[in-house]
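Student: 3D, please:
(one chain, ligands or ions: 1)
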Amino acid sequence: MQIFLDTANIDQIRQAAKLGIISGVTTNPSLVSKEGTADYEAVVKEICSIIPGPISVEVLVEGTQAMTQQAKLISSWAPNIVVKIPATSDGLEATSALAREKIKVNFTLCFSLNQALLGALAGATYVSLFVGRLDDAGHNGMEVVKDIVDVFAHYQLATQVIAASIRHPQHCVAAAKAGAHIATVPYKVLMQMIQHPLTDVGVTRFLGDWQRISKQ
Ligand code: E4P
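Tutor: Numbering: from 1, shown residues only. From the prediction side, this is the model:
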């Protein structure tokens, strides 16, 4: 399973990039607006220059025509951009049109197997299933991820499944077990993934033991 970073924060992206395990970044309009700038293009271009992998960038308009047009503009900002199109009927039509023109789409805001399946049939490169938001609504988001992974494998669909809306490290464990191709995780969760108290205790003990013998 690949790890994408789910943020538009440049410092977090730079920090995470140093770890050498980030394969891409997903953003959305809420995440960009949290950074306090209305210069969408500048933020996106900076992210694209830091991480060479796929950078998902959402359209900011509604309607098939408007989304398709804006998606083409956004995808011209950098070669590694993947355009995020919402899982609506307009979004489906836009995704099909963009896929025909070889523009990569992340079919986003998916909450069901049906939405993900239609996105894949339309030619989306990725579908994003929002696990945390489904859990919040009383469903089991990760079960839907597993179903999508199984169905895509059964029908040999090339579309990759992103487990999105990740809230805690257990979501990452479950996403990996469910066979998600990618989990897109907030920086805080990424840091939690590497953390283990027994590792910290072990490092302290090893260094302490070594210092004792080396001082004799
Ligand atoms: C995914 O691409 C989205 O940016 C993100 O995972 C949404 O997560 P949230 O439900 O925490 O807003």
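Student: Now do the same contact list for Val131.
Tutor: 141-142, 144-145, 163-167, 171, 175 (Cβ atoms under 8 Å, 6 or more residues apart in numbering). C-beta: built from backbone N, CA, C; applies to glycine.
Student: what's the farthest-apart pair in those residues?
Tutor: Pairwise distances across the contacts of Val131 peak at 15.2 Å for Val144 and Arg167 (criterion: Cβ to Cβ).
Student: The ligand versus the residue nearest to Asn9 when sequence neighbours are not counted, what's the distance?
Tutor: Take Asn9 and drop its neighbours on the chain: the residue closest to it by Cβ to Cβ, 6 or more residues apart in numbering is Glu35, 6.1 Å away. Look at Glu35 and the ligand: by Cβ to the nearest ligand atom, to the nearest Å, they are 13 Å apart.
Student: Same check on Thr95?
Tutor: 15 Å.
Student: how far away is that residue from Gln115?
Tutor: When Cβ to Cβ, to the nearest Å is the yardstick, Thr95 and Gln115 sit 11 Å from each other.
Student: Pull the number of nearby residues for Ala38.
Tutor: When counting by other Cβ atoms under 10 Å, one arrives at 9 neighbours for Ala38.
Student: Out of the contacts of Val131, which are close to the ligand?
Tutor: 164-165 (Cβ under 6 Å from any ligand atom).
Student: wait, which of the contacts of Val131 is closest to Leu134?
Tutor: Of all those, Leu134 sits closest to Gly141, with 3.6 Å by Cβ to Cβ.
Student: Wait, Ser128 touches Leu109, no?
Tutor: Yes. Taking Cβ atoms under 8 Å as the definition, Ser128 is a contact partner of Leu109 at 7.2 Å.
Student: one step back: can I assume the residue nearest to Asn9 is in contact with Ala8?
Tutor: Yes. With contact defined as Cβ under 8 Å, Glu35 counts as touching Ala8 (5.2 Å).
Student: Please enumerate the shared neighbours of the two.
Tutor: With Cβ under 8 Å, 6+ apart as the test, Glu35 and Ala8 both reach Val43.
Student: Who has more neighbours out of these two?
Tutor: Taking neighbours as other Cβ under 10 Å, Glu35 and Ala8 compare with Ala8 leading, 26 against 15.
Student: what helix or strand is the most centrally placed residue in the chain on?
Tutor: The chain has Thr184 as the residue nearest its centroid, 3.3 Å off, counting by Cα atoms, centre = their mean. Thr184 is part of strand 182-185, with elements assigned from DSSP states H and E.
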